[in-house]
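Visitor: Structure of the sequence below:
(6 chains, ligands or ions: 6)
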Amino acid sequence: MVDLYPEKLVTIITTSMLEGRLVRLFRERGTSGYTIVPARGAGSRGEQTGLDFDANILVEVILPADRLDPLLDDIKRLIARGHHLTLYVSDVSVISPEKFTRPFEG
Amino acid sequence: MVDLYPEKLVTIITTSMLEGRLVRLFRERGTSGYTIVPARGAGSRGEQTGLDFDANILVEVILPADRLDPLLDDIKRLIARGHHLTLYVSDVSVISPEKFTRPFEG
Amino acid sequence: MVDLYPEKLVTIITTSMLEGRLVRLFRERGTSGYTIVPARGAGSRGEQTGLDFDANILVEVILPADRLDPLLDDIKRLIARGHHLTLYVSDVSVISPEKFTRPFEG
Amino acid sequence: MLSNLMIPAVLFFALGVIARVIKSDLKFPPELAKALSIYLLMSIGLHGGVELAKADLGSAVSAIVWALLLGFGMPVIGYGLLTATRRVGPLDAAAIAAHYGSVSAGTFLAAMAWLDTQGLAYETYPLIMLAVMESPAIVVGLLLAARARQKVRAAAGSNGTATTNGRGEDTTSLRSLLHGAFTNGSVVILVGCMAIGAISLPNAMDKLKPFIDDIFMGALCLFLFEMGMEAARRLQDFKRVGAILAVFGIVMPIVGGAVGALIGSLALDFSVGGATLVAVLAASASYIAVPPAMRLAVPEANPSLYLTLSLGITFPFNVVLGIPLYHAMVTFLAGV
Amino acid sequence: MLSNLMIPAVLFFALGVIARVIKSDLKFPPELAKALSIYLLMSIGLHGGVELAKADLGSAVSAIVWALLLGFGMPVIGYGLLTATRRVGPLDAAAIAAHYGSVSAGTFLAAMAWLDTQGLAYETYPLIMLAVMESPAIVVGLLLAARARQKVRAAAGSNGTATTNGRGEDTTSLRSLLHGAFTNGSVVILVGCMAIGAISLPNAMDKLKPFIDDIFMGALCLFLFEMGMEAARRLQDFKRVGAILAVFGIVMPIVGGAVGALIGSLALDFSVGGATLVAVLAASASYIAVPPAMRLAVPEANPSLYLTLSLGITFPFNVVLGIPLYHAMVTFLAGV
Amino acid sequence: MLSNLMIPAVLFFALGVIARVIKSDLKFPPELAKALSIYLLMSIGLHGGVELAKADLGSAVSAIVWALLLGFGMPVIGYGLLTATRRVGPLDAAAIAAHYGSVSAGTFLAAMAWLDTQGLAYETYPLIMLAVMESPAIVVGLLLAARARQKVRAAAGSNGTATTNGRGEDTTSLRSLLHGAFTNGSVVILVGCMAIGAISLPNAMDKLKPFIDDIFMGALCLFLFEMGMEAARRLQDFKRVGAILAVFGIVMPIVGGAVGALIGSLALDFSVGGATLVAVLAASASYIAVPPAMRLAVPEANPSLYLTLSLGITFPFNVVLGIPLYHAMVTFLAGV
Ligand SMILES: Nc1ncnc2c1ncn2[C@@H]1O[C@H](COP(=O)(O)O)[C@@H](O)[C@H]1O
Ligand SMILES: Nc1ncnc2c1ncn2[C@@H]1O[C@H](COP(=O)(O)O)[C@@H](O)[C@H]1O
Ligand SMILES: Nc1ncnc2c1ncn2[C@@H]1O[C@H](COP(=O)(O)O)[C@@H](O)[C@H]1O
Ligand code: NA
Ligand code: NA
Ligand code: NA
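Guide: Ligands and ions are numbered 1, 2, ... in the order given. All right, here's what the predicted structure looks like:
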C-alpha cells in the first residue's frame, strides 16, 4: 500500500486583479507553491464573465495543517477590507509531505 | 484559531453546451454562486478535445448540506434524459457560512 | 435522500509536457476517464507562466479506492525519474459508482 | 487531376492530417481555431452582402427555397440510408443524419479556393444558401429523434417501466431548440455580416477590403491546417465507427453532391462554378453548428459517431476528392 | 443622420447587441477581445507617434494640460451628480465617477471611423490626450474614495467598533495605486508605441503600414462586434442599476461632451474633427483600465454598478448617438 | 551603431522589457503568443519554399550538412564550457547545452528585419538551416544526459542503493525522444510550409502574399513585444542563476556567432547578409522547442536555469547587441 499523509488544500476563487496580492501572501507565508486556473462565475457581485477586465481565478494551495490559520487570517483581513474572495478548505492526502514544507522559488 | 464551518462542494464536469441549463438550475435552487473553468477530457463518450464544438467545463458550487439533495435530483434528471455529467460531492470547510445562503445576483 | 457512494479523486498538477504520458497511464490503469484544466503556478522549480513552453495542467481522475494504489505507484515512479508532479488524493462521493469502473474510450 | 490539388488550401489541410499521423506534438490554441472561423464567416458574409445588394430578388428567393428543400431533405435521405445499414440505433441515426442536411463552411471555402485556381467564376447565391442551410437540418434531426424515441418507447413499452425520459420532448423543448437553431453563432455572423455588407456605404466598405479580402486566403489556409489535424484525430476513431458506417461517410456526400449538382445546374440554372458550390453544400456535413445542437437535443446519441463521420471521414473526402468530383458531375450535366 | 450610422463600425456594434438580445449562443473567445484591443492600441499608438514627431510642441503641451484637467475634473463633476441622485453610497459614487474621468479607446476609434466617413480631418493631439487621460481619473477615484471612507467612518464612529479597514488607505497604498495607474497595460502600449513611431526610421515604419493601417478597420469592426455583445449583456442588468442611475449614464456623457466640445473648440482651437474627438474623450467612460483599478482600490464598491453604467449604458449611447451629437455641438460652436 | 537599433522590431522587444521592468500589469494572452509564432513560422516557411524551389541542390545540401554539424557540435562546446564553470551538475549542463545547439526563430527573424533595414540581401539557405537545426541538438542533449547519468550513478555507485532511474534510458526511450525531436511542432510547420511553398502553383501562392508578406513585420513586432516581456521576467531570475552562468549566457553566443560567421563566410561562401544569418543561427539558443523536450528527456535538470539563460540572457543579448556584432565579424572576414 502507498503511504499517504494528510495536508490541507485551500481553494480561493476571486478576481484576477488580486493575483499579485495573493502570490505575495503565499510567499510571505512560506507555502511550497500555488496553482492558478482561469475561471468565470457568479456570486454576490453579479457575473464575472472571464473577459480581461472581469475575470476570476481559482487558486489552489496545499499546505500543512499547522500553517493554515495564518493564511486564513490574511485572507480574512482582505475580505474585511471589502475584497471579495470565495474560499474553502479541504482535507487531502499526499504521497510526499516534505514537498509542502519548503518555500517556493521565484 | 480560525473558525471553520462545513459546507458541501459539488463539482460537475460536462459539455460546455449544458452551461446555460446548469446556471438556470443553480439560480432556481438559490445557490449563492458558481464557478466555471474550461476543461477537456475523456470518458465513456470518447475524447472532448476542448475545441469549440467539443469542449468541457468543470463547474464548482458550494452549498449548505441541506440544499444538496434538490440539486442532485435535478442533475440525476438531466442524466436520465441522456445527458452526460460527471459529478462528485466533497466535504469542505469555509470561514463565512452565511455567504453561501444568499442567492447570487444576475 | 439521494444515495451517495465513496470514490477517490486524484488531482495531479504538472507540466503540460507530461499530458500524453499521464493519459497513457490512465488508459493502462483502466480509469473511466480524466479531466484536464490548463494551469499555471509556482513550486520548487520556479514559476510556470502558462506560456506554451512553460505551462502546467491540472488533471483530475475519479476512481474506486481499490484502484488507487497502482496509479499512485506509477506516479511515484515518474517522480523517482526526476519528473515534477504535485499530487493529492481526496475523498469524494458520487451518485453513480458504476460509471467509474468502465475504462474510457478513445 | 492531381495538380488540381496542388493549391495551398488543400495542401495545408493535408499538412494538418500529416502532422497528426506522424504524431507531432503540434497543437493549435483552441481559441485560434475559433477566432479564425469567426473571421472567415465575417469575410464571406460581408462579401456576400455587397454582392447581394446587387442581386436579383427572384433568383435569391429560388436559391433560398432550394436551400430549404436540401436542408430538410438530405437528413431524411441520410436517416433512410443509416437505418438500412442496421449499424446504429434510431437516435444515433437521427443525430448523424442532421449533420448531412447542414453544411460545412470550411468545405465551401475550400471549394471557392479551388474554383478560383481553376479560373472558374460562380454566382453569389450559394452564399445565401450556405447561411440558410445551417439550421433547418437541426430541426429535422430533432423531429427524427422524437420519432425515434417513440419507437424506442413502443419497443420497451410492454414491460411497463416508466423511464424518466418518457416525455422525450422535454429533453429540449421544440421552442428552445428552434430558437437555438436560428440564433446559432454561425448564422448570426453570416446573416448579420451580409446585412452589414448590403447596407453599408460603399466607401466605408472599401476600408474593410484589406481585412476581408487580402488576408483571407492565408487565414483560410491556417484554418484548414488546424481542421486537418482535427479531422485526422477523428479519422483515427475509424475503427470505433466500423467499416459500414465509414462507407456511409463517403457514399452520403456523393449522393448529396449528385442531388446538389442537379439542383444547381438544372433547377437553379447556375454556371458550372455556382452549381459546383451547390453540390458542395449538399454534399458537406456540418461539424461546427450541428454537433453542439445534437448534444443538447439528442443527448442519447453518441458524439463520437457523428463527429468521426462528419469531421473525420466526410470532411477530408470532400476537400480532397469530393470537390473535383462534384465539379466533374456538374460539367457532365452542362454537356448534356 | 440615420445614414451617418450606416458605417460598418457602428453596424458591427449593433450586430453584437442584437446577437445578445436574441440570445444567440455566439461567443467570442475572451483572448480574441484582448488580442484585438492590444492590436488596436498598438496601431493608433504607432500612427500617433509618426504624426507627433512632426507636431508642434506648444500645442502638444497645451493638449496635455487640458487632458489632465479633464481627467481630474470630470470625476469630480460625476461624483457631485451621483451624490445628488442619492441612489448610491459615497464609495460606489467614487468608483463610478472615476470611470468618467478616464476614456474608452473603443469609443474614440468609433469616432475616428465616423469622422473618416464624413470626410472630416482631425488633429493628432487628441491621441496624446487619449494616452494622458487613461490614468489621472484613477487617482481622483482613489482620493474621492478615501474621503468617502472617512465620512463612513465618521458616521459609524460613535459606536466605537474598530473595523479592520479603519485605515482605509492600507486597502491599497497610494503609492502602489499611483504606480498601477501609470503603468497600466493600455498606457504602456499607447505611450510605448507612440515613442516607437516617433523614433523609428521611416523606411522601417513603412514595413508596418499594412499591419497597422490596412487591416485596422476590419479589426476595429470585430472588436466593436464583441463589445456590442458585452454592452448588451451589461445593459440587461439595467434594472439592477435603477432608472435614475441609468439616466446618469446618459446625462454624464452629454455633460462631458459639452465640456470637451468647449475645450476642443475654444481652448485648444482644434478643427471640427479634432474638437469632436476631444468631446468624445471627455464624454466616454473607461471600461478597460478603470474597472480593474477600482476593484483593487475601492473593493467596497459594487462592480455591477460601474460596469453596467460605463459599458452597458454610456458606451452604446456614445457610439450610436453621442458621436454625432458631439459633432453637432462642435459645429454649433464653430458657427458662433 | 545605436541608430541601427532604431528599428521597430528591436524597439518592440525593448518595450516589452521595459513594461516588465516598470512592473506594468500588461499581459498578453498566452494563446496570442502561440498564434503569432505559428503564423511567423508559416510565413517564413512558405517564403523559403518558394525560393528553394529555385535553389541550387548542391548549395542546399552543403547548407544542410553544415547545419547538422552546428546542431551536433555547439552543444558539445557548450557542455564543455559549462562543466568548466563547475557551477552546474552534469545533467543541468546537458540540458542547458542542448538549447545552444538549437535555434531561436525570433532571433533569426529579428536579424532578417535588421538586415532589411540595412539594405543587405541574404540567401535563402539559412532558412533551411533554421529548420534543420531545430532538432539535432535535442538528441545531443539526450546523449550528454545519458552520459551524465552514468557518471552520477558511478559516483553514487558504491553505496549500492538501487534508484528507480537506474536505467536512465527508460526515462524517455531514445526512440520516442528521436521521434519527438523530429516531429516537434516548429519543425512540422517550417518543413511542411516549405514543401507547400515549393510545390504550390505560383498563382495560388500569390493569393497568400498579403497574409505572409504584408502583415509579417507587424506580427513580428507584436511577437517580439511579448518575448521582451518574457525575457525580462526571466532576466529577473538572474540572481538565481549566478554571475558565472550569466556570463556563459553571453560568451556562448559569441563563440557560436564566431563559429557561424566562419562557416557562413568561408565554408558556405555566402554573402555578408547570408553569413550573418548563419552566425545568428549558431549563436542563438532555443526557447521554444528545446525546453519542453528537456523537461521530458532530462527531467532532473532545473528548467529555471535553462529558461533564464536562453530566454532571459542570450535572447536579449542577441537581439540587441549580438546581431550587429555578428554582422561586424562577417564583414571583417569578408575583408580578409
Ligand atoms: N456558492 C458558490 N459556489 C462556487 N463559487 C462561488 C460561489 N459563490 C461565489 N463563487 C465564486 O466567487 C466569485 C466571487 O463571488 P462573490 O464574492 O460572491 O461576488 C464568483 O464570481 C464565483 O466565481
Ligand atoms: N473517471 C473520471 N475522472 C475524471 N473525469 C472524468 C471521469 N470520467 C469522465 N470524466 C469527465 O467527464 C466528461 C464526460 O464523461 P462521460 O460522461 O463519461 O462521457 C469527460 O470528457 C471527462 O472530462
Ligand atoms: N503547495 C502547492 N500548492 C499548490 N500547487 C503547488 C504547490 N506546490 C507546487 N504546486 C504546483 O505544482 C507545480 C510544480 O511544482 P514543483 O514540482 O514544486 O516544481 C507548480 O508549478 C504549481 O503549479
Ligand atoms: Na449538406
Ligand atoms: Na471621459
Ligand atoms: Na544555436
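
Visitor: Residue in chain D with the shortest distance to ligand 2?
Guide: Of all residues in chain D, D:P303 sits closest to ligand 2, with a separation of 8.6 Å (C-beta to the nearest ligand atom). From N, CA and C alone the C-beta is placed, and that goes for glycine too.

Visitor: how close does the residue nearest to that residue when sequence neighbours are not counted get to ligand 3?
Guide: Counting by C-beta to C-beta, 6 or more residues apart in numbering or on different chains, D:P303 lies nearest to B:R45, which is 5.7 Å off, once chain neighbours are set aside. Counting by C-beta to the nearest ligand atom, to the nearest Å, the gap from B:R45 to ligand 3 is 29 Å.

Visitor: Could you check how many residues crowd around the residue of chain D closest to ligand 2?
Guide: Neighbourhood size, D:P303 [other C-beta atoms under 10 Å in any protein chain shown]: 23.

Visitor: Just confirm it contacts D:P292, I think it does.
Guide: No. With contacts counted by C-beta atoms under 8 Å, D:P303 stays clear of D:P292, the gap being 9.5 Å.

Visitor: Show me the shaky parts of the chain.
Guide: In the absence of a named chain, this looks at chain A. Applying pLDDT under 70 to chain A flags the ranges A:106.

Visitor: nope, chain D
Guide: D:1-5, D:157-173.

Visitor: Could you measure from the residue of chain A found nearest ligand 2 over to chain F?
Guide: Taking C-beta to the nearest ligand atom, ligand 2 has its nearest neighbour within chain A at A:V37, 14.6 Å off. Distance, A:V37 to chain F, by C-beta to the nearest C-beta, to the nearest Å: 13 Å.

Visitor: Could you find the closest non-adjacent residue to D:P291?
Guide: Nearest to D:P291 is B:F53, by C-beta to C-beta, 6+ apart, at 4.7 Å.

Visitor: list the contacts for the one you found?
Guide: D:Y287, D:I288, D:P291, D:P292, D:L307 (C-beta atoms under 8 Å, 6 or more residues apart in numbering or on different chains).

Visitor: Surely the first one is in a helix?
Guide: By that I understand D:Y287. No. Counting by DSSP: H, G, I helix; E, B strand; the rest coil, D:Y287 is not part of a helix but coil.

Visitor: one step back: now do the same contact list for the residue of chain D closest to ligand 2.
Guide: B:R45, B:G46, B:D54, D:P291, D:M294, D:R295.

Visitor: ok, which pair from the residues you listed is furthest apart?
Guide: B:G46 and D:M294 (14.3 Å; C-beta to C-beta).

Visitor: circling back to that earlier point, is there proximity between the host helix or strand of the residue of chain A closest to ligand 2 and chain D?
Guide: Element membership for A:V37 (DSSP states H and E) is strand A:34-43. No. Remark: strand A:34-43 sits outside contact range of chain D, by C-beta under 8 Å from any C-beta of the partner chain, the gap being at least 11.7 Å.

Visitor: So which elements touch the helix or strand just after that strand?
Guide: Sequence-wise, the next helix or strand downstream of strand A:34-43 (DSSP H and E) is strand A:46-48. Here strand A:46-48 touches strand A:34-43, going by 3 or more C-beta pairs under 8 Å, 6 or more residues apart in numbering or on different chains; DSSP states H and E.

Visitor: Measure how buried D:K239 is and give me the count.
Guide: 9.

Visitor: Confirm that it sits in a strand.
Guide: No. Using three-state DSSP, the assignment for D:K239 is helix, not a strand.

Visitor: Contact partners for the residue nearest the centre of chain D?
Guide: By C-alpha atoms, centre = their mean, the mean C-alpha position of chain D lies nearest to D:V103, the distance being 1.9 Å. Contacts for D:V103 were tallied using C-beta under 8 Å, 6+ apart; they are D:L130, D:M133, D:E134, D:L281, D:S284, D:A285, D:S286.

Visitor: Quick check, the residue in chain A closest to chain C?
Guide: Residue nearest to chain C within chain A: A:G33 (3.4 Å; C-beta to the nearest C-beta).

Visitor: my guess is that residue meets C:L85, correct?
Guide: No. Using C-beta under 8 Å, A:G33 makes no contact with C:L85, being 11.9 Å away.

Visitor: Who has more neighbours out of these two?
Guide: More crowded of A:G33 and C:L85, by other C-beta under 10 Å: A:G33, with 26 against 19.

Visitor: Find the nearest non-adjacent residue to that one, please.
Guide: In space, A:G33 is closest to C:G43, 3.4 Å off (C-beta to C-beta, 6+ apart).

Visitor: So stretch D:223-232, near chain B or not?
Guide: Yes. Under the criterion of C-beta under 8 Å from any C-beta, chain B is reached by stretch D:223-232 at D:E230.

Visitor: got a list of contacts for that stretch?
Guide: B:49, B:51, D:9-10, D:12-21, D:26, D:28, D:32-33, D:36-37, D:40, D:106, D:109-110, D:311-312, D:315-316, D:319, F:42.

Visitor: now do 7 Å
Guide: With contacts defined as C-beta atoms under 7 Å, 6 or more residues apart in numbering or on different chains, stretch D:223-232 is touched by B:51, D:9, D:12-17, D:19-21, D:28, D:33, D:36-37, D:40, D:106, D:110, D:311-312, D:315-316.

Visitor: now swap in stretch D:291-298 and tell me
Guide: B:15, B:17, B:53, D:91, D:94-95, D:98, D:138, D:141-142, D:145, D:172, D:177, D:180-181, D:301, D:303, D:306-307.

Visitor: List the buried residues for it?
Guide: Buried positions in stretch D:291-298, judged by neighbour count with 16 or more other C-beta atoms under 10 Å in any protein chain shown: D:P291, D:P292, D:A293, D:M294, D:R295, D:L296, D:A297, D:V298.

Visitor: Over to stretch D:175-183?
Guide: D:L177, D:G180, D:A181, D:F182, D:T183.

Visitor: can you tell me which of those residues are in helices?
Guide: Taking DSSP state H as the definition of helices, those contribute D:L177, D:G180, D:A181, D:F182.

Visitor: between those, which is nearest chain C?
Guide: Among these, and counting by C-beta to the nearest C-beta, the member closest to chain C is D:G180, at 25.9 Å.

Visitor: follow-up on the earlier one: among the buried residues of stretch D:175-183, which one sits closest to C:V61?
Guide: D:G180 (32.9 Å).

Visitor: Tell me who's in contact with D:L262.
Guide: Contacts of D:L262 by C-beta under 7 Å, 6+ apart are D:L333.

Visitor: cutoff 10 Å now
Guide: The contact partners of D:L262, by C-beta atoms under 10 Å, 6 or more residues apart in numbering or on different chains, come to D:L268, D:A275, D:V278, D:A279, D:A282, D:M329, D:V330, D:L333.

Visitor: and the second one, how far is that from chain B?
Guide: Plainly put, D:A275 is 29 Å away from chain B if you go by C-beta to the nearest C-beta.

Visitor: try the last one
Guide: When C-beta to the nearest C-beta is the yardstick, D:L333 and chain B sit 34 Å from each other.

Visitor: Would you mind finding the longest helix in chain A?
Guide: As assigned by DSSP H, the longest helix anywhere in chain A is helix A:68-80.

Visitor: Pull out the buried residues from that one.
Guide: Across helix A:68-80, burial judged by 16+ other C-beta under 10 Å covers A:L68, A:L71, A:L72, A:D74, A:I75, A:K76, A:L78, A:I79.

Visitor: and those near chain C, which?
Guide: By C-beta under 10 Å from any C-beta of the partner chain, no member of the buried residues of helix A:68-80 lies near chain C.
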